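Asks: Fold the following.
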Amino acid sequence: MSSNEQELLQRISRIHERHEFLDEMTGRRFNIYSIARSERMEEQTHSRMIAELLSPKGLHGQRGAFLNLFLQQTGVALDSSVIDKAVVKSEKRFREENNKGRVDIVVEMRNFLLLIENKIDAGDQDRQVERYWGYAAKFSKCAVLLYLTLDGRQPTKESLGAIATPENAGDCCSEARPEKDRAPDVRPISYARDIIPWLESCVLYCIQNNLIQLAFGIDHYAMLVRKIAGKEMNENDDEFQDIAKALMSTSENALSALKISQVFSDAHFRGRLLNRFMADLRQAIENNVDHRFSYTEEVPERLKPFQSNEQNLIRWCQRGNKSDGWESKGIFFATPGGNYLLHIQFATTAFHYGLVPVDRDLGLDSGSLATYRWAKRAWSKLVWFSKEEVGYASDFEQDFLRLITDTSQIEELAERIVSEASDICSREIVDIPPSPLPTPPITPNPADGQAEMP
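Replies: Residues are numbered from 1 along each chain as shown. You can find the predicted model right below:
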């Protein structure tokens, strides 16, 4: 690394430390969605919040004002006189002959239907967009399907099925064309390009109308969207401006910034960073005062594909989304009872830790699982009991980078893993031996799919 690059990094670090101090003094980083671990819940958090703001009957009390701003942002031209009478539904289920599904958000207006399919981490389903368009086509009105993702990507060919990506987006409602000749109007939109500006316009509307509490509520959600979309800093942010000035101050700084950016976004760098984090976390767990878990590479044959090393973590970082066949990779620890293995892994886009039964038929106490917000996960190649610690690890966002690079946070994580896993292991359910005496019937527990005694 050149002396200029090193000096630039030190300068940027000082700027960041100053703004971190301001964050602490003002509480700007406080976010209830992050605390509730609901940041990337597509249905429970994002679809419901967006639908609530779009609805003229929403608790915001502003009738169709936010819906009108949304239509303007996404380029859907409609007569404003019909907006206040719109009916908004979230998780709209439909079942027809040879066609069924559940649309995230449906907005019904006179002679118009707006469908929004919301994708954050979920992959496309087979013929999903085709099926949704089939549902829209049954109405004798024009329709638009907005395909909402973090980055504005197009639906996959598998999702589009028999319909092609339309070349005439925005023309489906033309009165000059007969209804039967109108092509499917499927438009990709993004959280970064469309939802953030829309939310900002909603906040501005609230301020202009002296709706301060409502403005705070919407801005709180906008902070979350900026975070998951990787837009925590923008051109209006003070830290952004300070860093931009530092980078533009000399030609050498701009070139150094380009080199640093190229290295940071490279999968080889990120894979090595994850591998170092796994090594640091392993050491912290083994150095824990309880010392209940010992790292092991001796695992059942079926679990060996999940073991991580630098090369397969690099490959994990090279994949772009779920459709690319992301593989789960991690490390294992032996537990005191020997019935389970403690497993820590990067799974698809998320970072998990949990317990894997050595015997596939073993279960765990549902009460202790719920205490720590663990859950049974029956994946195609792995059945285990785990907790999703970070749902967006593959994005390498600010909070995740802190977690994997800060020694104190790694030690705190190790302490939490050991504490939770130790308590759950102490209440484990093992195979129940046959008894000569009659036993009460075993009933399924719908909470986690395990059998428990009534």
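Asks: Please count neighbours and contacts with C-alpha atoms only from this point.
Replies: Will do.
Asks: Return the set of buried residues in stretch 382-396.
Replies: For stretch 382-396, burial by neighbour count (16 or more other CA atoms under 10 Å) applies to 384-388, 390-396.
Asks: Any chance of a markdown table for these, columns secondary structure?
Replies: A markdown table is the format used below for those (DSSP: H, G, I helix; E, B strand; the rest coil):
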| residue | secondary structure |
| --- | --- |
| 384 | strand |
| 385 | strand |
| 386 | strand |
| 387 | strand |
| 388 | strand |
| 390 | strand |
| 391 | coil |
| 392 | coil |
| 393 | helix |
| 394 | helix |
| 395 | helix |
| 396 | coil |
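Asks: which of these lies closest to residue 279?
Replies: Nearest to residue 279 among those: residue 393, at 17.0 Å, using CA to CA.
Asks: looking at it, the closest one is touching residue 352, isn't it?
Replies: No - under the criterion of CA atoms under 8 Å, residue 393 makes no contact with residue 352, lying 9.8 Å away.
Asks: now the buried residues of stretch 382-396 as TSV including distance to residue 95?
Replies: Output for these, formatted as TSV (distance: CA to CA, whole Å):
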residue	distance to residue 95
384	33
385	34
386	34
387	34
388	33
390	35
391	32
392	33
393	36
394	35
395	36
396	39
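Asks: what's the helix or strand for residue 107?
Replies: Take DSSP states H and E as the rule and residue 107 turns out to sit in strand 99-109.
Asks: Please enumerate residues in contact with that strand?
Replies: By CA atoms under 8 Å, 6 or more residues apart in numbering, the list of residues contacting strand 99-109 from outside reads 43, 47, 51, 82-83, 85-95, 113-118, 128, 131-132, 134-135.
Asks: Tell me where the model's unsure across the stretch 1-150 of the chain.
Replies: In the predicted model, the stretch 1-150 of the chain carries pLDDT under 70 at residues 1, 5, 12, 15-16, 19, 22-23, 26-28, 96-97, 139-141.
Asks: All the helices of it, in order from the start?
Replies: Along the stretch 1-150 of the chain, counting by DSSP state H, counting those that start in this stretch, helices occupy 3-26, 32-35, 48-54, 65-74, 128-137.
Asks: Mind checking those for the one nearest to residue 300?
Replies: Using CA to CA, those put helix 32-35 closest to residue 300, at 36.3 Å.
Asks: Among the contacts of strand 99-109, name the buried ones.
Replies: 43, 47, 51, 83, 85-91, 113-118, 128, 131-132, 134-135.
Asks: where does the stretch 251-400 of the chain have low pLDDT?
Replies: For the stretch 251-400 of the chain, the stretches with pLDDT under 70 are 320-326, 391.
Asks: And the helices in it, which stretches?
Replies: Counting by DSSP H, counting those that start in this stretch, the helices of the stretch 251-400 of the chain are 251-265, 267-286, 310-318, 366-371, 398-405.
Asks: buried set for the last one?
Replies: When burial is assessed from 16+ other CA under 10 Å, helix 398-405 yields the following buried residues: 400, 403-404.
Asks: any idea of the angle that helix forms with helix 267-286?
Replies: Angle, helix 398-405 to helix 267-286, by axes from the mean of the first three to the mean of the last three CA atoms, to 10 degrees: 60 degrees.
Asks: Give me the residues contacting stretch 197-216.
Replies: 60, 66, 69-70, 73, 218-219, 222.
Asks: Find the pair from the residues you listed with maximum spatial separation.
Replies: For these, the farthest-apart pair by CA to CA is 60 and 73; their separation is 19.5 Å.
Asks: Give me the subset of the buried ones among the contacts of strand 99-109 that lies in strands.
Replies: 87-91, 113-118 (DSSP state E).
Asks: Closest to residue 284 out of those?
Replies: In terms of CA to CA, no member of these lies closer to residue 284 than residue 118, at 38.8 Å.
Asks: what's near enough to touch that closest one?
Replies: Counting by CA under 8 Å, 6+ apart, residue 118 makes contact with 42, 47, 104, 147-149.
Asks: And it, how close does it get to residue 267?
Replies: Plainly put, residue 118 is 27 Å away from residue 267 if you go by CA to CA, to the nearest Å.
Asks: hang on, the earlier thing: most neighbours out of the contacts of stretch 197-216, which is it?
Replies: Among those, residue 66 has the most neighbours (other CA atoms under 10 Å), with 26 neighbours.
Asks: Could you count how many residues lie near the closest residue in space to that one that isn't next to it in sequence?
Replies: Distances taken as CA to CA, 6 or more residues apart in numbering place residue 54 nearest to residue 66, at 5.7 Å, with adjacent residues excluded. By other CA under 10 Å, the residues close to residue 54 number 28.
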